[in-house]
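Q: Provided below for reference: sequence and predicted model.
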Amino acid sequence: MPTMSPRAILLAACAAAGFTATEAEALTPLAFEASLDPSVLDGAASPYASLAPQSFERLPDVAYEPTAYVADAAAGLQCVPFAREESGVEIYGNANTWWAQARAGYERSRAPEEQAVMVLRGYATDARGHVAVVREIVSPRLLIVDHANWLNGGEVTRNVPVRDVSAAGDWSQVQVWNVVGQHWGGRKYNVQGFIQNLVQDVRDQVAAEQAAPLVG
């Protein structure tokens, strides 16, 4: 006598209880077998069941392959208006004033968050600053930013890796990927912190939910 699968057994039980075939099908999860312990499925274990824990670990940062590129060489932008437009953080004035200004109306953090503005100090000279928008956090010590005028040509550069090189691992000091040379830049930059526009984050989330297609 052939062995019935767990899903077939559940379908049969639903039918015996008086459900129609359509109702029984709706009540039976499509992934029913996958949710069970592989050891009870006649040895047909998931290929992941025998993998060692390290097989699920994140790849080291050195394995990350940068995709940074100059998106618009003729944008003619400074870093401040670009960061303001991309992040929704409505701060004006030189980049070296952003961290102090943000105290009045924005969330400030020493740890990066996606869509936050990273504020560098001492860019080029001690009197200058630079701001960039965090697009992705790859690992606790590697993130991706978009920014403008990093090469001093008013260009917009995207998908740029930035790595934490601080002794304490606290994002107080970073290196920035050199897009032209395709290597890590030799300079280290001090980071004041990260400015997050929580109001804009909520608006983006609501907009995304409204734009999502209805299921059902």
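A: Yes, it's here. Please read all numbers here as calculations on a predicted model, not as lab measurements.

Q: Regarding this protein, what is its longest strand?
A: Secondary structure assigned by DSSP state E gives strand 129-139 as the longest strand of the chain.

Q: any chance you could map the helices in the protein?
A: In chain order, the chain shows helices spanning 6-16, 21-27, 79-87, 98-102, 198-211, with DSSP state H as the criterion.

Q: In terms of mean pLDDT, which of the ones you listed ranks lowest?
A: Ranked by mean pLDDT, those bottom out at helix 21-27, which scores a mean of 58.

Q: ends of stretch 109-120, how far apart?
A: With CA to CA, to the nearest Å applied, stretch 109-120 spans 13 Å between its terminal residues.

Q: In that stretch, which residues are buried?
A: Across stretch 109-120, burial judged by 16 or more other CB atoms under 10 Å covers Pro112, Glu113, Gln115, Ala116, Val117, Met118, Val119, Leu120. Any C-beta I mention is one placed from the backbone N, CA and C, and that applies to glycine too.

Q: Residues in contact with it: which ones?
A: Contacts to stretch 109-120, defined as CB atoms under 8 Å, 6 or more residues apart in numbering, come from residues 83, 87, 89, 95, 98-99, 102, 129-137, 143, 145, 162, 170-172, 174, 189-197, 200-201, 204.

Q: what about the closest residue in space to Trp177 that isn't next to it in sequence, distance to Trp150?
A: What sits nearest to Trp177 in space, not counting adjacent residues and going by CB to CB, 6 or more residues apart in numbering, is Pro161, at 4.2 Å. Distance, Pro161 to Trp150, using CB to CB, to the nearest Å: 12 Å.

Q: right, and Val162 touches Trp171 too?
A: No - with contacts defined as CB atoms under 8 Å, Val162 does not count as touching Trp171, sitting 9.2 Å away.

Q: More neighbours: the two, which one.
A: For Val162 and Trp171, the more surrounded residue by other CB atoms under 10 Å is Val162, and the numbers stand at 26 against 22.

Q: so how far is Gln196 from Gln115?
A: 7 Å.

Q: just Val134 next, same as before
A: In this structure, Val134 and Gln196 are 9 Å apart, going by CB to CB.

Q: By average pLDDT, which secondary structure element in the chain comes out worst?
A: helix 21-27 (a mean of 58; mean pLDDT, DSSP states H and E).

Q: Only the buried residues of the longest strand of the chain, if you could.
A: Judged by neighbour count using 16+ other CB under 10 Å, the buried positions of strand 129-139 are Gly129, His130, Val131, Ala132, Val133, Val134, Arg135.
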